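Trainee: sharing a model that was predicted from the sequence below.
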Amino acid sequence: MAYLSSSWILRAIIPALAIVLGFLHTIHPFSHRGLELRNVGFTMPVRILSHDPLVVHLKSFISREESAYLVSLADPLFKPSGIVDKQGFRKQSENRTSSTAYLPADDPVVQRIAARAAEFQGLRSYNKADLQLTRYRRGQQYKPHVDWYDQFESIINNGNRITTFFVILEASCTQCGTRFPNLRLGCDGKDPGLNETIDCEDAEGLTVRPIPGAATFWRNLHTDGVGDRRTLHAGLPPEDGVKIGLNIWTSVKTDIFGRIQSEQ
């Protein structure tokens with residue numbers, strides 16, 4: 001008596017099964033709409049908030065120990081925040097009333113964080129990263145601004161800031177997030193992960209909540225090197241408490257027309 005091989009059975013069954021499934025699909029098309037993100041059983045550590053411009057939220061970018069170390073390192077270095085004017089001079093401004101501290105580039109923890117930011121972006125080196133701590137106390141803020149330079153400023157600064165990370169180290173305030181007034185993200189409050197990440201009550205903009213350990217990453221420039229106005233953002237003032245964040249800016253070289261030069 002001859003026995004049918006398993007491979008022969010599979011070759012006979014699979015085409016028939018495909019025909020049956022195709023027929024059922026014409027009667028009742030399959031849909032993925034019933035599967036919602038909040039039912040997948042895990043909290044996504046990285047969430048894209050906007051594809052264009054690219055804005056990404058990283059839930060666990062920095063540890064508590066690293067945060068505490070950086071705050072301690074920066075404590076004696078804090079000075080009133082300033083801005084850089086069109087001529088390249090740093091000055092005080094009522095638009096930015098926080099305190100800032102530049103971190104020593106040779107510190108091993110600082111280097112580790114810079115390398116982490118570079119790795120996330122797929123960069124070969126972290127030497128172009130610029131790290132700065134910003135501290136907001138009650139009522140202090142940074143009104144809407146962009147992190148990139150215009151063509152003239154990029155010449156003065158010998159380059160431009162292609163990306164930004166803003167990392168929350170400490171936050172004893174709740175309504176003191178980072179707000180992008182030119183961006184929108186629909187939020188119905190049904191997705192717990194998204195509701196924890198952004199303020200769903202902000203229907204006119206995108207406000208990222210101040211979650212310790214988390215980072216918001218965005219791209220500042222278009223591919224041609226022109227600054228993206230949609231990345232306009234503000235550091236909202238704490239009504240009470242304090243917020244300490246870490247700015248990580250990655251710079252690229254630009255030519256006299258503001259165009260990004262390829263890395264050698």
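Mentor: Here it is on my side, so go on. Keep in mind that what you see is a predicted model, and the values were worked out from it rather than measured. Numbers count the residues shown, from 1 in each chain.
Trainee: please count neighbours and contacts with C-alpha atoms only from this point.
Mentor: Will do.
Trainee: give me the buried positions along stretch 72-84.
Mentor: 73-74, 78, 81-82 (16 or more other Cα atoms under 10 Å).
Trainee: which strand of the protein spans the most residues?
Mentor: Ranked by number of residues, the top strand in the chain under DSSP state E is strand 160-171.
Trainee: K243 pairs with what?
Mentor: Beta-bridge pairing of K243 under DSSP bridges involves Y136, A171.
Trainee: go on, I48?
Mentor: Beta-bridge pairing of I48 under DSSP bridges involves V56.
Trainee: okay, it: pLDDT?
Mentor: pLDDT, I48: 94.
Trainee: OK, contacts around it?
Mentor: 54-57 (Cα atoms under 8 Å, 6 or more residues apart in numbering).
Trainee: quick check on the residues you listed: which are buried?
Mentor: Counted by 16+ other Cα under 10 Å, the contacts of I48 give 55-57 as buried.
Trainee: please identify the buried residues of stretch 135-154?
Mentor: Within stretch 135-154, the residues scored as buried using 16+ other Cα under 10 Å are 135-137, 140-144, 147-149, 151, 153-154.
Trainee: show me where this protein has strands.
Mentor: Secondary structure of the chain, counting by DSSP E: strands at 46-50, 55-58, 79-80, 83-84, 90-91, 99-102, 129-136, 142-145, 160-171, 178-180, 206-208, 215-219, 233-235, 243-252.
Trainee: just how off-centre is the fifth one within its chain?
Mentor: When C-alpha coordinates are averaged (Cα atoms, centre = their mean, to the nearest Å), strand 90-91 and its chain have centres 27 Å apart.
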